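Asker: Make a model of this:
(4 chains)
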Number of protein chains: 4
Amino acid sequence: MDKIRVGILGSTGSVGQRYVNMLRDHPWFEVAALSASRDSVGKTYKEAAKWFLDRDMPVECAEMKVIPADQKAFKAEKVELVFSALPSEVAKTAEAEMAEAGFTVVADTGAHRMDPDVPILIPEVNSEHLLALKEQRSRRKGIIVTLSNCTALGLAISLKPVQKGFGLRRVLVSTMQAVSGAGYFGVPSMAIVDNLIPYIKNEEEKVAQEILKILGEYKNGFKFAKIKVGASCQRVGVLDGHTEAVFLETEKPATPEEVKACMRAFEGEPQRLKLPSAPIPPIIVREEIDRPQPRLDRMAGSPERAKGMATVVGRVRSESALDNGIKYVMLSHNTIRGAAGNAILIAELLKAKGII
Amino acid sequence: MDKIRVGILGSTGSVGQRYVNMLRDHPWFEVAALSASRDSVGKTYKEAAKWFLDRDMPVECAEMKVIPADQKAFKAEKVELVFSALPSEVAKTAEAEMAEAGFTVVADTGAHRMDPDVPILIPEVNSEHLLALKEQRSRRKGIIVTLSNCTALGLAISLKPVQKGFGLRRVLVSTMQAVSGAGYFGVPSMAIVDNLIPYIKNEEEKVAQEILKILGEYKNGFKFAKIKVGASCQRVGVLDGHTEAVFLETEKPATPEEVKACMRAFEGEPQRLKLPSAPIPPIIVREEIDRPQPRLDRMAGSPERAKGMATVVGRVRSESALDNGIKYVMLSHNTIRGAAGNAILIAELLKAKGII
Amino acid sequence: MDKIRVGILGSTGSVGQRYVNMLRDHPWFEVAALSASRDSVGKTYKEAAKWFLDRDMPVECAEMKVIPADQKAFKAEKVELVFSALPSEVAKTAEAEMAEAGFTVVADTGAHRMDPDVPILIPEVNSEHLLALKEQRSRRKGIIVTLSNCTALGLAISLKPVQKGFGLRRVLVSTMQAVSGAGYFGVPSMAIVDNLIPYIKNEEEKVAQEILKILGEYKNGFKFAKIKVGASCQRVGVLDGHTEAVFLETEKPATPEEVKACMRAFEGEPQRLKLPSAPIPPIIVREEIDRPQPRLDRMAGSPERAKGMATVVGRVRSESALDNGIKYVMLSHNTIRGAAGNAILIAELLKAKGII
Amino acid sequence: MDKIRVGILGSTGSVGQRYVNMLRDHPWFEVAALSASRDSVGKTYKEAAKWFLDRDMPVECAEMKVIPADQKAFKAEKVELVFSALPSEVAKTAEAEMAEAGFTVVADTGAHRMDPDVPILIPEVNSEHLLALKEQRSRRKGIIVTLSNCTALGLAISLKPVQKGFGLRRVLVSTMQAVSGAGYFGVPSMAIVDNLIPYIKNEEEKVAQEILKILGEYKNGFKFAKIKVGASCQRVGVLDGHTEAVFLETEKPATPEEVKACMRAFEGEPQRLKLPSAPIPPIIVREEIDRPQPRLDRMAGSPERAKGMATVVGRVRSESALDNGIKYVMLSHNTIRGAAGNAILIAELLKAKGII
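Answerer: All right, here's what the predicted structure looks like:
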């Protein structure tokens, strides 16, 4: 089988590097185009990207020439599938142009998430939202699928089985987010050593909004879930892995044991279809009193290709301050599951469903 | 005026050092006795304590001989007032013995907090709880006053004006606590570098319980406040200063501006009595989008002697996921306001009220 | 006495903020002009500077309007003395223009350090280099005095008494430098959490070169010291305070006790003239086996105004791998002693000597 | 082939866990006995060890019962080979007893390193020192082989090709060592956040001494190398990986290019014998200006089983302050290459040579 040729928009940044790293030896995809900003165009990827992962850059990408984020350049490379890790200010136009030109665009950016015909897709959670693509196809040659903000993503995975099993009335979440979420240069060390920052621009609004779209239904348009969601977002001095303290009220009462059981039993389309990057199981529930911890648990997920793709939950307990109250701690790798990894899993799902 | 002679139980640990540091040149108190565990007895304080503060050890304490945590030894030094920073396993008996022997004990330990005749005192919040001391006096020669757990302490200060102004129905808090809260050796660097720990033993229970006693009334016994309180406690790689993301429901609706106004207007007995260590104002409300931050705000408080004694609140905003919902971020220095500093402020209050 | 009106070039950056902070209530100087890059001009200093120090911005500066780095603008504010904390790419021209226009410029930048008539001044070490100013005056209206690179500065202070007492043949230094040395945005947290960076651009060359000029003589031009100096410079995850492991060979043999004695006895012009920011003593030699440590020792220096101005030396011991070998560990606060503080001390010296 | 049964002394500590982790699926060895201190005996390994690695504990070890560090208990488990990661105070006697009882002991402790018949073995560097085992065998049933201190180990590997190629006269090294080197509980976070500690007990002496034995010869006893070695050892806030700034004088002049070439060409017995844990190549020389960095380079080494076993060298340059001066930066994973990994490589060498 010929591999699908893939292009990456914004390939030199911190999420871009994750794409390059995770597509190494992918059974279905091969990297055919690496784009970056103007001053990188024409350089080799090795020259253009300040590589910051501990595994060395894949040799096959190191000598590739960086090209512009331009549909003609991508066509010239016979790209079929585009992963976008563009900065938000340029993402909106660039992604729309790519979709107009017929590409399938999987976007790890906020630009099109709330568009009425664009799904925010987490393959385990709402693969049925792919129906929205029909609506898109009626209007343009290509399609756009987005993934949610990295903070909402792991949270939505952990909420889905609870929603199915017991119903959700209210969700309050306080996050402790990794510095990589702001990009390689986003958080100066002067800002975070012996410190934390109790603010991340637009994050609380995104979490509250996106969760409702993701956990809602698609029937001739998106019907948002009726859940009250509130967030307080903080940045801490951790490299990778967003940890979230979650408080929730279920519709029907549930014991911690019941919640853990439904999380453990949870699986979605990627697991049923045995997609290459699907973590099995998608949610790992730990019983230790002091887990999950970002450094120990962020790379959880098997098989090998799904490392960093599992959502890890721990400390599931009752919360008497809420009606039918449950609280737990959730961890998700923000640049793997919360970005490049989820995008690749979406692409695998599109392929398995025959959409690409 | 002769200064009151003070003894410190557990003087070599991280809170003990804070006492020694903060009692430097105190206008009303002088350090007369430093006690520590058996293997330190007989050494000079300088030899016994691995000093870890950036300001050098006060010269007057450096050459003092460490004595045992024993009422006879304390009597020999003419001690009147005892600050306890003992480890919890030995605190219960040692503090009770000191009180039986006639000392006034101010205890920064959990041992006696929930005793029915012992107040958990935060001078700004519940100075009227000193009434409970009459009950104690009827039973023994001395008295015990405790301060709350460091996580509950700053939280209670920030809640008090809201409780007075609008009533409180529900409080949910997610904490990001400093490593110093576990004592100097409490958190290995291997556990916290590039990591956080979502668990602190018994902390969530303490917060939920102590808040209710502190914000309750004393009328022939303590009447606990009727508020639903829930907590999720986490440790992060910050040296000093507990940051807390607070969500709450008020009885009467309140706008963020009204909440900020009542916090800013708040003052208590220490401010009215102009106690030496009273921060003026007790609560500092910041308007920047990204404050409070532990490294920048933990030493807030004026005058000079009250550095680290102010509670800093920021990001006060509405929370639509709760009824009459408000959320904010709160910061309190856990070993100053949350420990030694609050104990000294209690002692100042006792003195100003003629109790010692 | 009227205070001397002072202007700061590059006032919003990390060294610029240190100037503003340290000039608070200065007995001889007052801040009259704050300049910054174009997009800050016209804003208040409060709006333009993202303040990052734990002590709040001085009120008198908060509302000052930021002006351009332009001699006319500075003249309009009746500035006499200019402190430069400009980025190196613009420093050369801007500082020269200011000096041409008649200002006294004290520059914390590398631009003019190696000019043949410009001293690199450390008031305790080489105040006699002020003679070079005559040569400058013969050519232009104003003068430029520079301070050395922050890594060379503390090192030179620690070497001076040894050079005087025993002669120096060889110096090898391996540094562990604080992130603030690269400016607020200089070191991303992604680069330094659980890591160190064994490279600082041009730093090793600067150290080797500047030490020789500083420890040399001025007699109708600078005569460089004849010492072999080599450096290996590394960045570590410390906020402030450069720590340096120093190996040296003296001309005459010296025991560790003799080296410590000569360091302790050392004093310079600032101490003799009792300049307001002069640390007394300039070098603090500690006997503990594990000091100096940056977090504990970087703010060393008394009186109050000289906090962070002392050079702290510890672990002075023999090094048998070198002839007449001595090794020690040295610590110096890189943005206080190594930048703003040394510049202010130079200005105080210029004032005390009647040069301004 | 039956696997050799292996016992681990001190299996629950930070190096002990590395052994357990690295012996997972080893082609030649299998873990047959896990010993720990008295209060762990009888527990399962899972209960006794607070596991701190990000890869989960091997299932086959999790349920093993911890046994005492006793030769009878080890015999009962049919152990042939013993790895010791005991704390130094108990290592001396326990290791000697095991060797008397006939076991082959590979010891990652200082207890027997300087014994006249015990080699400090680094398989790439001095495999010919195995000759000393004959002398041991003449005296007792079993044998002891030690590995050096983790700081000396990587340094010795990097020095060996230079010694062979150009001769070594003088070595000065300044280290920046990881916190894991002190054991899991060794460095409190309070000691190292925003800080470094310029002292590690006995480390400088060990480095200076052990290097000479390792780089010396064995001919009817050990002849120490004639090199002047001096060290300054510091601890920094890095989890794993010791970084060392090395200055050296060679006998014959060498350019940086020649030094790099000889390091790159270097190989030893493990590479020639294709031992399972042998890194190929043993020394990786990087050309980037800012490498090696501990977080990026500590896991270097291929094949998979040799991850963390390579020594990484960078920034090789001339040092004009020394005669025939060269300087470089070296990185070695202190608990893999510097401890468990080197011990396993020694065991593989013993097996390949028919000694076990």
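Asker: distance between the lengthiest helix in chain A and the chain's centre?
Answerer: As assigned by DSSP state H, the longest helix anywhere in chain A is helix A:150-166. Put simply, helix A:150-166 sits 13 Å off its chain's centre (CA atoms, centre = their mean, to the nearest Å).
Asker: quick one: it near chain C?
Answerer: No - judged by CB under 8 Å from any CB of the partner chain, helix A:150-166 stays clear of chain C, getting no closer than 15.2 Å. Every residue, glycine included, has its C-beta placed from N, CA and C.
Asker: And the helix or strand just after that helix, what does it pack against?
Answerer: Using DSSP states H and E, the helix or strand that follows helix A:150-166 in sequence is strand A:168-177. The elements that strand A:168-177 packs onto, with contact taken as 3 or more CB pairs under 8 Å, 6 or more residues apart in numbering or on different chains; DSSP states H and E, are helix A:150-166, helix A:203-214, strand A:228-235, strand A:242-250, strand B:168-177, strand B:242-250.
Asker: So for the next helix or strand after strand A:168-177, mean pLDDT?
Answerer: Counting by DSSP H and E, the next helix or strand C-terminal to strand A:168-177 is helix A:189-192. Helix A:189-192 carries an average pLDDT of 97.
Asker: so does helix A:189-192 get close to chain D?
Answerer: No - using CB under 8 Å from any CB, helix A:189-192 stays clear of chain D, with a minimum separation of 10.3 Å.
Asker: Look at the closest residue to chain B within the stretch 1-150 of chain A and tell me its secondary structure.
Answerer: Nearest residue of the stretch 1-150 of chain A to chain B, counting by CB to the nearest CB: A:D54, 12.5 Å away. At A:D54 the chain is in coil, as set by DSSP: H, G, I helix; E, B strand; the rest coil.
Asker: Break chain A into its domains for me.
Answerer: Here the domain parsing of chain A from automatic domain parsing is A:4-149+A:340-352, A:150-333.
Asker: The last one: end-to-end distance?
Answerer: What it means is domain A:150-333. One end of domain A:150-333 sits 8 Å from the other (CA to CA, to the nearest Å).
Asker: So which bits of the longest helix of chain A are buried?
Answerer: Neighbour-count burial for helix A:150-166 flags A:150-163, A:165-166 (criterion: 16 or more other CB atoms under 10 Å in any protein chain shown).
Asker: related to what we said a few turns ago, give me the nearest residue to the residue of the stretch 1-150 of chain A closest to chain B, chain neighbours excluded.
Answerer: D:L296 (5.1 Å; CB to CB, 6 or more residues apart in numbering or on different chains).
Asker: Wait, that neighbour touches C:I197, no?
Answerer: No - checked against CB atoms under 8 Å, the pair D:L296 and C:I197 is beyond contact range at 9.9 Å.
Asker: Looking at the stretch 1-150 of chain A, what residue ends up closest to chain C?
Answerer: The nearest approach of the stretch 1-150 of chain A to chain C comes at A:F52, 6.4 Å away (CB to the nearest CB).
Asker: So that residue sits against A:Y184, correct?
Answerer: Yes - contact criterion CB under 8 Å: A:F52 and A:Y184 qualify, at 6.1 Å.
Asker: Identify the contacts common to those two.
Answerer: Common contact partners of A:F52 and A:Y184 (CB atoms under 8 Å, 6 or more residues apart in numbering or on different chains): A:S14, C:M190, C:A191.
Asker: so where do the strands sit in chain A?
Answerer: All strands of chain A, identified by DSSP state E, fall at A:4-9, A:29-34, A:81-84, A:104-107, A:143-146, A:168-177, A:217-218, A:222-223, A:228-235, A:242-250, A:283-286, A:311-318, A:325-332.
Asker: could you dump these to JSON lines with mean pLDDT?
Answerer: JSON lines is the format used below for the strands of chain A (pLDDT from 0 to 100):
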{"stretch": "strand A:4-9", "mean pLDDT": "97"}
{"stretch": "strand A:29-34", "mean pLDDT": "97"}
{"stretch": "strand A:81-84", "mean pLDDT": "96"}
{"stretch": "strand A:104-107", "mean pLDDT": "96"}
{"stretch": "strand A:143-146", "mean pLDDT": "97"}
{"stretch": "strand A:168-177", "mean pLDDT": "98"}
{"stretch": "strand A:217-218", "mean pLDDT": "96"}
{"stretch": "strand A:222-223", "mean pLDDT": "97"}
{"stretch": "strand A:228-235", "mean pLDDT": "98"}
{"stretch": "strand A:242-250", "mean pLDDT": "98"}
{"stretch": "strand A:283-286", "mean pLDDT": "98"}
{"stretch": "strand A:311-318", "mean pLDDT": "98"}
{"stretch": "strand A:325-332", "mean pLDDT": "98"}
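Asker: Can you tell me the closest non-neighbouring residue to A:E269?
Answerer: A:S127 is the one closest to A:E269 (CB to CB, 6+ apart), at 4.1 Å.
Asker: Pull the number of nearby residues for the one you found.
Answerer: For A:S127, the number of neighbouring residues by other CB atoms under 10 Å in any protein chain shown comes to 20.
Asker: Repeat that for A:A265.
Answerer: Neighbour tally, A:A265, other CB under 10 Å: 11.
Asker: do the one 5 residues further on as well
Answerer: As a burial measure, A:P270 scores 25 neighbours (other CB under 10 Å).
Asker: unless I'm mixing things up, it is touching A:G301, no?
Answerer: No - applying CB under 8 Å, one finds A:P270 not in contact with A:G301, separated by 11.5 Å.
Asker: Give me the pLDDT for A:M1.
Answerer: Looking at A:M1, the pLDDT reads 68.
Asker: should've said A:G154
Answerer: At A:G154, pLDDT is 97.
Asker: Please apply the same query to A:E100.
Answerer: Taking A:E100 on its own, its pLDDT is 94.
Asker: how near is the nearest residue to it once chain neighbours are set aside to A:G13?
Answerer: Distances taken as CB to CB, 6+ apart place A:R140 nearest to A:E100, at 5.3 Å, with adjacent residues excluded. For A:R140, the distance to A:G13 equals 27 Å [CB to CB, to the nearest Å].
Asker: Compare those two and say which one has the larger neighbour count.
Answerer: Counted by other CB under 10 Å, A:R140 and A:G13 do not tie: A:G13 has more neighbours, with 20 against 14.
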